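In: Here is a sequence together with a model predicted from it:
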There are 2 protein chains.
Amino acid sequence: MSEALSKEMKKGSLELLILALVEERERHGYEMAKLIEQRSRGAITIHAASLYPTLYRLEARGVIEGRWVERAGQRRRRYYRLTTEGRRSLAAQRDTWHAFVQGLTRVARIRPA
Amino acid sequence: MSEALSKEMKKGSLELLILALVEERERHGYEMAKLIEQRSRGAITIHAASLYPTLYRLEARGVIEGRWVERAGQRRRRYYRLTTEGRRSLAAQRDTWHAFVQGLTRVARIRPA
DNA sequence: GGATGATATATGGTATTACCATATATGTCG
DNA sequence: CGACATATATGGTAATACCATATATCATCC
């Protein structure tokens, strides 16, 4: 019976979600959005208008790197992979989130995940 | 070795922190800021310029209610208490955060709190 | 064959909110 | 007295998730 996730709540988390997904293998944007929804069991949904600008930003920062892939019978896709710099950033962001979640859990007495 | 919490990351969490603190007892703003820092063991710090506008917003929404308390030898303080509506909102926000953190933990493989 | 929906990316404009900078005012301690 | 903690106040800024809308390909159904 919980409310839908507010958009404010998601701020700062989308980068981490993307980095974690491309850590496993090369992925394209649409695929990431679907994966986030599936793996979070519907708890987190990311809109295309948030996703693509974030991908451009991450690529501009050099943490991910994209390449166009065209296949017959498919719309073109841009696949992104994690760079070396991205791997460092992902590790740092995981630590930061862990500390944040721990702190929030203690202060606000949330049921621990 | 984790980076400082980005301000974006905190978005949407301050309300929950405040509601959880005034759930225990009546509290004033400055006290809340100190408690958040202490209880999160320094992981979360809230600046006055974020805190007070948020308190006004919460009071305007009717989830907390403030009253001025003046005591000799002390600067005036505004103490806030949780309203009935606030109690409902807090429960909902706790559920929402729990779902969000669980989802994020699964997708991004964060160490669970 | 036309409508519908899933796939896939793109972007201009908006809203929210945490913060910076600065301000006011009181009490304590050296 | 000067510095610092306490305590609140607010105008302006930055960051980012979203809304609305657009383009384009493919599969499915009637």
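Out: Perfect, thanks for sending it. Numbers count the residues shown, from 1 in each chain, chains lettered A, B, ... in the order given.
In: Spell out which residues of chain A are next to DNA strand D.
Out: Counting by C-beta under 7 Å from any atom of the strand, chain A comes close to DNA strand D at A:7, A:10-15, A:45-50, A:53-54, A:57, A:72-75. Any C-beta I mention is one placed from the backbone N, CA and C, and that applies to glycine too.
In: SS state for A:Y80?
Out: For A:Y80, the assignment made with DSSP: H, G, I helix; E, B strand; the rest coil gives strand.
In: Give me the number of neighbouring residues for it.
Out: 25 (other C-beta atoms under 10 Å in any protein chain shown).
In: quick one: it and A:V63, what's the gap?
Out: 10 Å (C-beta to C-beta, to the nearest Å).
In: in the helix or strand bottoming out on mean pLDDT in chain A, what counts as buried?
Out: Counting by mean pLDDT, DSSP states H and E, chain A has its least confident helix or strand at helix A:7-10, which shows a mean of 92. Buried residues in helix A:7-10, counted by 16 or more other C-beta atoms under 10 Å in any protein chain shown: A:M9, A:K10.
In: Not counting its neighbours along the chain, what's nearest A:R81?
Out: A:E26 (4.7 Å; C-beta to C-beta, 6 or more residues apart in numbering or on different chains).
In: gap between the one you found and chain B?
Out: Distance, A:E26 to chain B, using C-beta to the nearest C-beta, to the nearest Å: 17 Å.
In: Is that residue in contact with A:Y80, as I believe?
Out: Yes - here A:E26 reaches A:Y80: they are 6.7 Å apart, a contact under C-beta atoms under 8 Å.
In: quick one: pLDDT of the residue nearest to A:R81?
Out: Here, the pLDDT recorded for A:E26 equals 98.
In: Would you mind listing the residues in contact with it?
Out: A:Y79, A:Y80, A:R81 (C-beta atoms under 8 Å, 6 or more residues apart in numbering or on different chains).
In: Bridged to the first one, which residues?
Out: Legend: beta-bridge partners of A:Y79 under DSSP bridges are A:H28, A:R67.
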